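J.: Pasting a predicted model and its sequence here:
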Amino acid sequence: MKRQKPRLLLTTSPFIKSREDTAFMMWQVNYALLPVVLASIYFFGISAILIMLVSIIGVVVPEWMYSKRKGTPVNTVRDGSALVTALLFALTLPPGIPLWMAFVGALVAVLLGKLIFGGLGYNPFNPALVGRAFLQAAFPVAMTTWSPYGNLSNFFEIRGANFAIPFLKAKVDAVTMATPLAQLKFDHQLTRLSDLLLGSTAGSLGETPAILILLAGVYLALRKVINWRIPVGIFLSVYLTALVLHWLHPERVPDPVFHLFAGGLMLGAVFMATDPVTSPITQRGVWIFSAGIGFLVVIIRVYGGLPEGVMYAILLMNALTPLINQVAQPPIYGMRRKEAREKKRNAS
Amino acid sequence: MDTKQTTSMDEFLKGLWKENPVFVQVLGMCPTLAVTNSVINSVVMGIATTFVLVMSNFFVSLFRKLIPKQVRIASYIMIIATFVTVAEYIIQAVSLEVHKSLGAFISLIVVNCIILGRAEAFASKNTIGKSVMDALGMGAGFTFALLSLGVVRELLGNGTFAGIPVFGKGFEPWTIMILPGGAFFVLGAWLLFFNYLKQRAEKKEKVLV
Amino acid sequence: MSSTPQMPIPQEKEVTSTRMILTMAAIGLLAGFLIVFTYRTTLPIIEKNRQEYLERAIFEVLPDATTKKVFIVTPDGKLEPTTDIHTKAPKVYAGYNAEGKLVGIALEARGQGFQDVISLIYGYDPYKQAIIGMKVLESKETPGLGSKIETDPEFLANFKALDVTITPEGKIVHPIELVKKGKKTHDWQIEAITGATISSRAVTNILRKSTEKALPIILKNLEVLENSGTATSKTTG
């Protein structure tokens, strides 16, 4: 079923081609993830490398087999989207997770999150988050056991229970450390802002160095790979929601800035909510989408049973994306807003 | 309608496989998803449903010439509800703990569309013998389907089979499997598997023809 | 044109509403008979099952008891023996050993859990001033997480000697409190189950509220309970 290249290309405008195809965008995201990946290797040493390797195998191998079976002209692994999913998925995991769980989660991410819907471009939910949500529901204890962060000096130390035998409980009684959000929720302790910015806190592989993620986001936005409105909208919405709640119960909700830099918000806002497949297509829709995520994140963090809510907030808004796309249609070019609305009403 | 004669054995077998209420007709999803978190629950639910199916099919078939068309659905529901109530008392008498773990889902057998469906589609048009065989087949097929889900969910979600540990003490349970979400995953996987089998069988048939 | 002969539409037999009502009534009657019959046959068995379930729970939370007596709490705060198991009044189960000595009191308590009401029974030893056993009777907590309050041996070990020392004025010196796993330092603390903090807290709250209310009444009426025991040479259910 190979498509032959036509000898003469007859098309309508536009004629200027840019490099901005899927592969270009996805590889840009991969490059932007590189500093985050390096930082997590710095903080969590060999465990971080192992988890990422297992995730890449778990995501890329099924994608490769699927592509082969389906007979797509170019293997879809090469467009880099599978690697993005694998790395993002790995970055959401705690450093001490058994590797077999990471592998199961990676399989779920790519099979149930992406391939079952028909591959890239058809998935309603962010695949990396689907994998993580599955693990969170399946192994709640392993997914909330956080090893302390380190530095290069204990690079070769295995954190937690990476080598637990498949299907068996982790026997190691590893040293654990609460994440800033858990400390706030259960012990009412506030982590210093400088620690949050530099990533010297416990947490998932990728939720630590807030500043690096922010810089990566700026790079991607400048390259127009991601829509800058999504992270900006989320930050604004988180800030405003937290501000209102902080004013309502000052003893329970800390300064809104804390909520911006704690937990997985940075990673989620820059790399996950911006997934072009699962976010709305219109600019108005994007504002609704990001406002919803920010609001839900703070509500879940403050009122929910779990300390962190970025994953569920993004997944929920992913589910709403088709609806947002429908209500946030821009008026047809040349038509005034009122006319457009009337026309829509008549049509329906 | 049917030109070829069907034996009562055929009526039994079709419910088990070819017209399996869960995997082929995709009926009775509420109990299929809700109570299959353990083998015991699946079996009890399957047996209770089979009991109600057999009794209601028997009585619907028995009264099929007496019940006026206009009130047939109401009459069927009354018959079904009676036997559901009877089943509920019997389960309570046999084991209070099983009754507790199934909870409201026993009463909800009333609205299981398999039962009303068989009464309307089969028992109201067929003889008592055939109707009972049909009910037994559908009941067995339903139980088989519940068990397929229950075994996987209990094995992964709890590491046990009917309460007996299978993997030993160190097993890490997949909590999601005994939560409602797990039911959807397992049901989806089974549907995928049975459809794959069906497609393969159809392909073979075509080749033979 | 006064009377056009009504041509019956070629149809099945005309069904009158009387016939419909009669059919429904007949089926209803049969159904009623069947249900009443089953109810009457199974009721004694179900009652027996319920009693046995409760009894097993009582002897589980009062390991030294061999017989029990049921008391009800009267509105003016006294305890009266009763044989009426269907009474709505709050009940207290006193457990006695073979010599007829009071070994503990089992109390039922309930309260809001994570998903639905949790109802439990606990054993209280008035001489040790401690809770000596706890069993969850009914709960709908998340399977695999919250449901561990019923099965987790480490959690249940919290209730083998949980201090509820009470002052003569009827105030509990140290109200029961929940601490994180591995942080238990006092006898009145309960260690939470990792990953099921909310359900653990629910059990703690139920026990704290129940002990604050019930223990003063029991201590006031301890003599009534002590004197009601009868020595039995043989264990009777």
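T.: Yep, it's here. Numbering: from 1, shown residues only, chains lettered A, B, ... in the order given.

J.: Is A:L168 bridged to anything, and to what?
T.: B:F171 (DSSP bridges).

J.: Now do the contacts for it.
T.: B:167, B:170-172 (Cβ atoms under 8 Å, 6 or more residues apart in numbering or on different chains). For glycine as for every other residue, the C-beta is placed from the backbone atoms N, C-alpha and C.

J.: out of the residues you listed, who has the most neighbours?
T.: B:E172 (22 neighbours; other Cβ atoms under 10 Å in any protein chain shown).

J.: The nearest residue to that residue once chain neighbours are set aside: how many residues sit nearby?
T.: Setting aside the residues directly before and after it, B:E172 is nearest to A:K169 in space (Cβ to Cβ, 6 or more residues apart in numbering or on different chains), at 4.5 Å. Using other Cβ under 10 Å, A:K169 has 18 neighbouring residues.

J.: Surely A:K169 touches B:W174?
T.: No. Using Cβ atoms under 8 Å, A:K169 makes no contact with B:W174, being 11.9 Å away.

J.: one step back: can you redo the contacts of A:L168 as CSV with distance to C:I190 and pLDDT?
T.: Formatted as CSV, the contacts of A:L168 follow (distance: Cβ to Cβ, whole Å; pLDDT from 0 to 100):
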residue, distance to C:I190, pLDDT
B:F167, 30, 79
B:G170, 26, 75
B:F171, 27, 81
B:E172, 25, 80
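
J.: Return the member of those nearest to C:E55.
T.: C:E55 lies nearest to B:F171 out of the contacts of A:L168, by Cβ to Cβ, at 33.7 Å.

J.: What separation do you get for C:G123 and chain A?
T.: 30 Å (Cβ to the nearest Cβ, to the nearest Å).

J.: tell me the pLDDT at that residue?
T.: For C:G123, the pLDDT comes out at 91.

J.: roughly how far apart are it and C:I172?
T.: Note on C:G123: its distance to C:I172, by Cβ to Cβ, to the nearest Å, is 17 Å.

J.: cool, A:G203 as well?
T.: In terms of Cβ to Cβ, A:G203 sits 40 Å off from C:I172.

J.: Likewise for B:E11?
T.: Taken as Cβ to Cβ, the span from B:E11 to C:I172 is 67 Å.

J.: Which one's more surrounded, these two?
T.: More neighbours surround B:E11 than the other of B:E11 and C:I172, with 21 against 18 (other Cβ under 10 Å).

J.: List of residues touching the strand or helix carrying the more buried one?
T.: Assessed by DSSP states H and E, B:E11 sits inside helix B:8-16. Applying Cβ under 8 Å, 6+ apart, the contact partners of helix B:8-16 are B:21, B:129-130, B:133-134, B:136-142, B:144.

J.: let's see 10 Å
T.: Helix B:8-16 is contacted by residues B:4, B:6-7, B:18-21, B:24-25, B:53, B:114, B:118, B:122, B:126-127, B:129-145 when judged by Cβ atoms under 10 Å, 6 or more residues apart in numbering or on different chains.

J.: residues touching the residue nearest to B:E172, list them.
T.: So A:K169 contacts A:98, A:139, A:141-142, A:161, B:159, B:169-173 (Cβ under 10 Å, 6+ apart).

J.: Just the buried ones among the contacts of helix B:8-16, please.
T.: B:20-21, B:24, B:53, B:114, B:118, B:122, B:126, B:130-145 (16 or more other Cβ atoms under 10 Å in any protein chain shown).

J.: The residues you listed in helices, which ones?
T.: B:53, B:114, B:118, B:130-145 (DSSP state H).

J.: ok, how many other residues are close to A:G113?
T.: Residues near A:G113, counting by other Cβ under 10 Å: 26.

J.: so is it in a helix, a strand, or just coil?
T.: coil (DSSP: H, G, I helix; E, B strand; the rest coil).

J.: so who does B:L53 touch?
T.: Going by Cβ under 10 Å, 6+ apart, the list of residues near B:L53 reads B:15, B:21, B:80, B:83, B:109, B:112, B:114-115, B:118-119, B:123, B:131-132, B:134-140, B:142.

J.: What sits closest to it if chain neighbours are left out?
T.: B:A135 (4.2 Å).

J.: Report pLDDT for that neighbour.
T.: Turning to B:A135, the model gives it a pLDDT of 94.

J.: where's it relative to chain C, distance?
T.: The spacing between B:A135 and chain C, counted by Cβ to the nearest Cβ, is 18 Å.

J.: Name the residues of stretch A:155-167 that are buried.
T.: A:158-162, A:164, A:167.

J.: Show me which of the residues you listed is closest to A:W146.
T.: Checking the buried residues of stretch A:155-167 one by one against A:W146 (Cβ to Cβ), the nearest turns out to be A:G160, at 8.4 Å.

J.: In contact with A:G304, which residues?
T.: A:185, A:296, A:312.

J.: quick one: pLDDT of the nearest residue to the first one once chain neighbours are set aside?
T.: Right, the one you point to is A:K185. Among residues not flanking A:K185 along the chain, A:P307 sits closest, at 4.4 Å (Cβ to Cβ, 6+ apart). Listed pLDDT for A:P307 reads 79.

J.: repeat for the one 3 residues further on
T.: The per-residue pLDDT reported for A:V310 equals 91.

J.: what's around it, how many residues?
T.: The burial count for A:V310: 28, using other Cβ under 10 Å.

J.: now swap in B:L179 and tell me
T.: B:L179 has 19 neighbours, counted by other Cβ under 10 Å.

J.: who touches the spatially most central residue of chain B in this structure?
T.: Nearest residue to the geometric centre of chain B (Cα atoms, centre = their mean): B:F142, 2.4 Å. Shown in contact with B:F142 (Cβ under 10 Å, 6+ apart): B:15-16, B:20-23, B:27-28, B:31-32, B:42, B:45-47, B:49-50, B:53, B:112, B:114-115.

J.: cool, and C:L225?
T.: Contacts of C:L225 (Cβ under 10 Å, 6+ apart): C:69, C:71, C:79, C:81, C:92, C:94-96, C:102, C:104-105, C:126, C:218.

J.: quick one: it from C:G100, how far?
T.: 12 Å.

J.: Over to C:Y122?
T.: 23 Å.

J.: For the longest strand along chain C, what does the pLDDT average out to?
T.: Ordering each strand of chain C by length in residues (DSSP state E) puts strand C:102-112 first. Over the span of strand C:102-112, the pLDDT mean works out to 89.

J.: neighbouring strands for that strand, and are they parallel or not?
T.: Counting by DSSP bridges, strand C:102-112 is paired with strand C:91-96 (antiparallel), strand C:117-125 (antiparallel).

J.: Show me what counts as buried in it.
T.: Quick answer for strand C:102-112 (16+ other Cβ under 10 Å): C:102-111.

J.: Looking at those residues, spot the one nearest chain A.
T.: C:G111 (17.7 Å; Cβ to the nearest Cβ).

J.: pretty sure that closest one contacts C:S210?
T.: Yes. Counting by Cβ atoms under 10 Å, C:S210 is a contact partner of C:G111 at 8.0 Å.

J.: For those two, list the residues in contact with both.
T.: C:L120.

J.: Right, and chain B sits closest to which residue of the stretch 201-348 of chain A?
T.: Relative to chain B, the nearest point of the stretch 201-348 of chain A is A:L315 (12.6 Å; Cβ to the nearest Cβ).

J.: quick one: that residue and A:G292 touch, right?
T.: No. Using Cβ under 10 Å, A:L315 is not in contact with A:G292, being 11.6 Å away.

J.: Over to C:V136: give its phi and psi.
T.: phi -80, psi 120 (degrees, to the nearest 10).

J.: Just the pLDDT for it.
T.: 89.

J.: Report the beta-bridge partner residues of it.
T.: Applying DSSP bridges to C:V136 gives these bridge partners: C:L120.

J.: Spit out the contact partners of the residue nearest to A:E157 when sequence neighbours are not counted.
T.: Once flanking residues are discounted, A:E157 sits nearest to A:G45: 6.1 Å by Cβ to Cβ, 6+ apart. The contact partners of A:G45, taken as Cβ under 10 Å, 6+ apart, are A:95, A:149-159.
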